[in-house]
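> Okay, predicted coordinates and the sequence, questions at the end:
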Amino acid sequence: MKILVAIKQVAALDEDFEIRDDGRDVNEDFLIRDLNEWDDFSLEEAVKIKEASAEPVEVVAVTVGSDTADEALRKCLAKGADRAIRVWDESVLGSDPIAIARILAAVARAESADLVFAGVQSSDHSFASTGIATAAFLAWPHAAVVSALNFSPGAKSALLRRELEGGLLHEVEIQCPAVLTIQLGINTPRYASLRSIKQAAAKPIEVKSPADLALSAADIGEAGSHSRVRRMYIPDKGQAELIPGDAVQQAQRLAQIIREFKGDAA
Amino acid sequence: MSGLLVIAEQRRGELRPVSLELIGAAQSLRRNGDSVAVALLAPSPGALIDPLKLAGVDEIVTVKVAAPEFDPDTFESAISALIAERKPDVVLVAHSVDSFGFAAALAAKLGLGFATDVFKVERQDGELVATRGGYGQKVNVEVDFPGRATVLLAIRGNVFKPPEQKGSPRITEFSAPPVSSRSSGREFVELAAADDVDMAAAEFILTIGRGIGEEAKIAQFKELADAIGATLGCSRPIADAGWLPKSRQVGQSGKTASACKLYIAMGVSGAIQHLAGMKHVATIVAVNSDAEASIFGVAKYGIVGDIFEIAEELRQCF
């Protein structure tokens, strides 16, 4: 069987960043890129299933992005993915999560995947949309925010727990194939060994264009998106009153706040 | 017909309070002639609708469904049918774990304009514009929905206020098409309480986050919490690493610290889910070495400094 793990190379902002001239994004010189934290867990979950399985399981990491995302895919290869696929050309620019999902669904079909994992959300834009939209395009069952999973390759269903608000979990049985969005903490992601990092560097990354997947211009980019960014701007900062002084003075003021609270509470 | 459709949420036979906030959000978008309908999907929806009878709600639509709890296929099929019948301009859902499970699929299938985690929504020159955060909430992002007749928005919690006045909406029934669901809910499980702490009852919480760096430092903060009379809590990464039991995790997915009035967060950068879960606290004090940490955006007091040094000095004061 085959598990497709959708991953994203996310971007954090440098301390002093600038908004692009057209006002619709941050100037990319100020982006610090890394593998999305959630995706580390979904990849690990797929690799764990593979390692526990008697029948062969192939784990394929896929991303939609330019060649800057190769680094994130190599990380996945080093941590146990068998193959890596990257979909890109200029026509992808301007895609929202739903347009990205259309691409991921096309990859899942082309690969005849049996299971698709995605992170619950990405740490940069927190859409929490891509995985579940992918399920819609595949017309597959889906479950979001999975914090425990019991699945054996070949089984017709999986047993999982969704992590709800307020410390509550909901146990769900779901038919497979399915798309699951994976929550932080579902497992303990491994570290890649130096040897596996070296081996990953030598592995190929399969690059495809949307056209290779039979997607048209109307499916992707701004045309295939269900929202459009008008502008990005830096919000007014919240007003935490900064406590001045050295550590001793700051701690004394904090002690005073605690005592005042206890006085109030008593 | 145009107007606004609000999808209320229930869980285990109780209406979720965020449903009322959605009604508040709908009011801010309502134009002359717009109707506001609130739909509730449940096995016995009629029993739960009283709190939804608020000013500005024209209609409460009860949708009887077989699934006792949230289920993606049930929700997508029933809400699709509702949208097809009523053709609302705007559909509002909560940005919640349940909507994570169906909203994007609905938008993808029906071709709806779509944005999640929306904390501001308005009409600019007649165009619907939603604002959400980007790059770890460091920027605000305005999005619009060109060419989309219906827009689905997932609204952030604790932002919009429910209307205070009661109203008297008409109550209608909508019969959802039959659905054969491909997943089935079983039981609910409470997060295992590995120790006897009751975060929900704690009024004064000292929370530690990723900034503590290593497990060996936990003891120092345990001792500090005892000395100052606080309950020790932690952010998600600390609980996921197993350094403290899950029962001590606070934030949206952790225990709701509903009684908390004073909250000292040390080395917590403030992931959005953490902040969303602590917004109700009257006094938040953030201690962090990173002056840019998001938590300073919601804290009342901030200390930019080394958490270990501050912890040691604070210990000396008690």
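Received it, and whenever you're ready, just let me know what you need.
> which residues in chain A form helices?
Under the criterion DSSP state H, helices of chain A are mapped to A:37-52, A:70-78, A:97-110, A:130-138, A:194-202, A:247-265.
> With respect to burial, which of those scores highest?
Compared across these, helix A:130-138 shows the largest average neighbour count, a mean of 27 (mean count of other Cβ atoms under 10 Å in any protein chain shown). In short, each C-beta sits where N, CA and C put it, glycine included.
> Any part of that one near chain B?
Yes. Remark: helix A:130-138 sits within contact range of chain B at A:Thr130, A:Gly131, A:Ile132, A:Ala133, A:Ala135, A:Ala136, A:Phe137, by Cβ under 8 Å from any Cβ of the partner chain.
> Break down chain B into its helices, ranges please.
In chain B, the helices defined using DSSP H lie at B:18-29, B:72-86, B:97-100, B:103-110, B:218-228, B:236-240, B:272-278, B:307-316.
> Flag the shaky bits of chain B, pLDDT-wise.
B:1, B:192-196, B:254-255 (pLDDT under 70).
> repeat that with 50
For chain B, the stretches flagged by pLDDT under 50 are B:1.
> Equivalent analysis for chain A, please.
In the prediction, chain A carries no residues with pLDDT under 50.
> before we move on, back to that, could you dump the helices of chain A to JSON lines with distance to B:Ser184?
JSON lines is the format used below for the helices of chain A (distance: least, Cβ to Cβ, whole Å):
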{"stretch": "helix A:37-52", "distance to B:Ser184": "22"}
{"stretch": "helix A:70-78", "distance to B:Ser184": "32"}
{"stretch": "helix A:97-110", "distance to B:Ser184": "24"}
{"stretch": "helix A:130-138", "distance to B:Ser184": "17"}
{"stretch": "helix A:194-202", "distance to B:Ser184": "39"}
{"stretch": "helix A:247-265", "distance to B:Ser184": "46"}
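> Of all these, which one comes closest to A:Ile174?
Closest approach to A:Ile174 among the helices of chain A (Cβ to Cβ): helix A:130-138, 10.7 Å.
> Other residues contacting the closest one?
Contact with helix A:130-138 is made by A:6, A:8, A:97-98, A:100-102, A:104-106, A:108-109, A:116-120, A:122, A:141-142, A:144, A:177-181, B:72, B:100-109, as judged by Cβ atoms under 8 Å, 6 or more residues apart in numbering or on different chains.
> do the same with stretch A:40-50
Residues contacting stretch A:40-50 (Cβ under 8 Å, 6+ apart): A:3, A:5-7, A:57-59, A:61, A:76, A:79-81, A:115, A:117-119, A:149, A:151, A:153, A:181-190.
> now stretch A:246-264
Contacts of stretch A:246-264 (Cβ under 8 Å, 6+ apart): A:243-245, B:204, B:228-230, B:261-262, B:264, B:283, B:285, B:287, B:301, B:303, B:305-306, B:309-310, B:312-314, B:316-318.
> ChimeraX command for the buried members of those residues?
Selection of buried members from these for ChimeraX, criterion 16 or more other Cβ atoms under 10 Å in any protein chain shown:
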select /A:243 /B:204,228,230,261,262,264,283,285,287,301,303,305,309,310,313,314,317
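> Mind checking which of the contacts of stretch A:246-264 land in strands?
Judged by DSSP state E, the subset of the contacts of stretch A:246-264 located in strands is B:Phe204, B:Leu262, B:Ile264, B:Thr283, B:Val285, B:Val287, B:Tyr301, B:Ile303.
> got the residues you listed as CSV, with distance to chain A columns?
CSV is the format used below for the ones in strands among the contacts of stretch A:246-264 (distance: Cβ to the nearest Cβ, whole Å):
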residue, distance to chain A
B:Phe204, 7
B:Leu262, 4
B:Ile264, 7
B:Thr283, 7
B:Val285, 6
B:Val287, 8
B:Tyr301, 5
B:Ile303, 5
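> Surely B:Tyr81 is in contact with B:Pro177?
Check again: residue B:81 is Ala, not Tyr. Yes. B:Ala81 lies in contact with B:Pro177 (Cβ atoms under 8 Å); the separation is 5.4 Å.
> So for these two, which sits in the more crowded spot?
Counted by other Cβ atoms under 10 Å in any protein chain shown, B:Ala81 and B:Pro177 do not tie: B:Ala81 has more neighbours, with 16 against 9.
> Tell me how far that one lies from A:Ala155.
32 Å (Cβ to Cβ, to the nearest Å).
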